[in-house]
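> Next one to model:
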Amino acid sequence: MKETLRAVAERLSRGVVLQRRLPVNFGAGKILVSPDAGLRFYRRNLAAGDAILFRMVDELVAPDDVVWDIGANVGLFAFAAANRAGTGGKVVAIEPDLWLAGLLRRSCQLLDRTRNAPVTVIPAAASNSFSLAKFHIAKRGRSSNHLEGGGSTQTGGTRSVESVVTIPLDWLLEQVPPPQVLKIDVEGMEHRVLSGATAVLSKARPVIWCEVNPVNKEEVTKILYAHDYELFCAEENASQRQPLPTAPWETLARPRAGSSCRAGSAAKADISSATFSR
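The predicted structure is shown next:
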């Protein structure tokens with residue numbers, strides 16, 4: 001009976017848009033969300049359903065940072081990061097679902113530009129090459145949307161299939177400032193995103209928070225180890241984390257000591273001067 005009621009609630013949530021506020025410690029700015037992306041968005045307290053998301057923004061993002069949010073969904077991470085980075089920073093939000101990308105752009109119009117970094121919304125999917133791919137809109141909620149070949153047990157099936165353009169992050173590095181923080185949540189396609197980010201990992205060297213499907217953990221581990229990253233469990237308390245041999249579900253990847261982008265200002269300057277000015 002509970003599953004039936006949930007299915008009804010999910011169906012009735014389609015297309016519903018609600019205005020909420022970010023937590024006070026992220027400026028309490030207005031943002032548009034939809035229970036079509038997850039029933040938790042009916043709650044007024046956004047932090048109640050996405051505590052780790054806001055905790056990772058708090059831990060990782062510093063003033064003036066450039067943040068790339070790959071798989072931005074409704075933009076909780078992106079807009080919280082925009083507040084933490086401030087007017088000297090920049091946020092790039094990648095979202096292949098055109099309906100959610102439109103919602104993100106509407107939230108950008110609500111952004112207080114005197115207190116927050118600008119947010120650039122790019123309606124595309126990140127992968128390891130340029131292509132035209134099939135993108136599945138999940139029947140249960142848009143938070144589980146995925147490229148063909150990805151997905152999870154939370155999709156509940158597919159309500160529709162759309163065509164989307166895929167782009168490698170190394171190409172994006174030529175278009176926008178290099179990130180100090182890279183968040184990846186792409187429903188099982190994280191290995192392809194990282195394999196298309198060789199220059200990002202070797203030159204920009206951001207701190208990475210990535211959801212890793214267990215099916216892909218060996219490949220993700222190999223890619224990150226090859227670029228001299230250490231792997232930790234993001235869900236653990238920061239003071240208790242120890243390096244791990246393989247990528248966990250909530251992976252926090254940091255460049256090894258002495259090779260971080262934030263510490264390597266000369267390398268960062270080289271990338272910036274070669275491709276764009278901040």
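> residue ranges for the strands of the chain, please.
18-21, 30-33, 66-70, 90-94, 119-122, 125-127, 131-138, 146-147, 158-168, 181-184, 207-211, 229-233, 250-255 (DSSP state E).
> residues making contact with stretch 113-123?
The contact list for stretch 113-123 (Cβ atoms under 8 Å, 6 or more residues apart in numbering) reads 27, 29, 67, 72, 75, 78-79, 81-83, 85-96, 98, 101, 104-105, 107-108, 111, 164, 167, 172, 176. C-beta coordinates here come from the backbone N, C-alpha and C atoms, glycine included.
> how long is that stretch end to end?
End-to-end distance for stretch 113-123: 22 Å, by Cα to Cα, to the nearest Å.
> what comes up buried for that stretch?
116-117, 119-123 (16 or more other Cβ atoms under 10 Å).
> just these now: which is nearest Thr251?
When the buried residues of stretch 113-123 are compared for distance to Thr251 (Cβ to Cβ), Ile122 comes out closest, at 23.2 Å.
> Met189 and Gly196, how far apart?
Counting by Cβ to Cβ, to the nearest Å, the gap from Met189 to Gly196 is 10 Å.
> Over to Arg14?
Arg14 is 32 Å from Gly196, by Cβ to Cβ.
> Ok, Ser160 next?
For Ser160, the distance to Gly196 equals 26 Å [Cβ to Cβ].
> ditto for Glu235
On the measure of Cβ to Cβ, Glu235 and Gly196 end up 26 Å apart.
> So for the two, which sits in the more crowded spot?
Set Glu235 next to Gly196 and count neighbours by other Cβ atoms under 10 Å: Gly196 wins out with 21 against 14.
> list the contacts for the more buried one?
Contacts of Gly196 (Cβ under 8 Å, 6+ apart): 126-129, 168-170.
> Low-confidence stretches in the stretch 1-150 of the chain?
Within the stretch 1-150 of the chain, the ranges that satisfy pLDDT under 70 run 1-3.
> can you give me the helices for it?
Along the stretch 1-150 of the chain, the segments classed as helices by DSSP state H, counting those that start in this stretch run 2-12, 46-49, 51-60, 76-85, 98-109.
> Mind listing what's buried along the longest one?
This means helix 98-109. 99-101, 103-105, 107-108.
> could the residues you listed go into TSV alongside distance to Glu10?
Output for the buried residues of helix 98-109, formatted as TSV (distance: Cβ to Cβ, whole Å):
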residue	distance to Glu10
Trp99	15
Leu100	16
Ala101	21
Leu103	17
Leu104	21
Arg105	24
Ser107	22
Cys108	27
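> Pick out the most distant pair among those residues.
Largest separation among these by Cβ to Cβ: Trp99 and Cys108, giving 15.3 Å.
> residue ranges with poor pLDDT in the stretch 151-278 of the chain?
Applying pLDDT under 70 to the stretch 151-278 of the chain flags residues 258-278.
> Sketch out the helices for the stretch 151-278 of the chain, chain order is fine.
Counting by DSSP H, counting those that start in this stretch, the segments of the stretch 151-278 of the chain that form helices are 169-172, 190-195, 198-199, 217-226, 265-275.
> Right, I'll leave it there.
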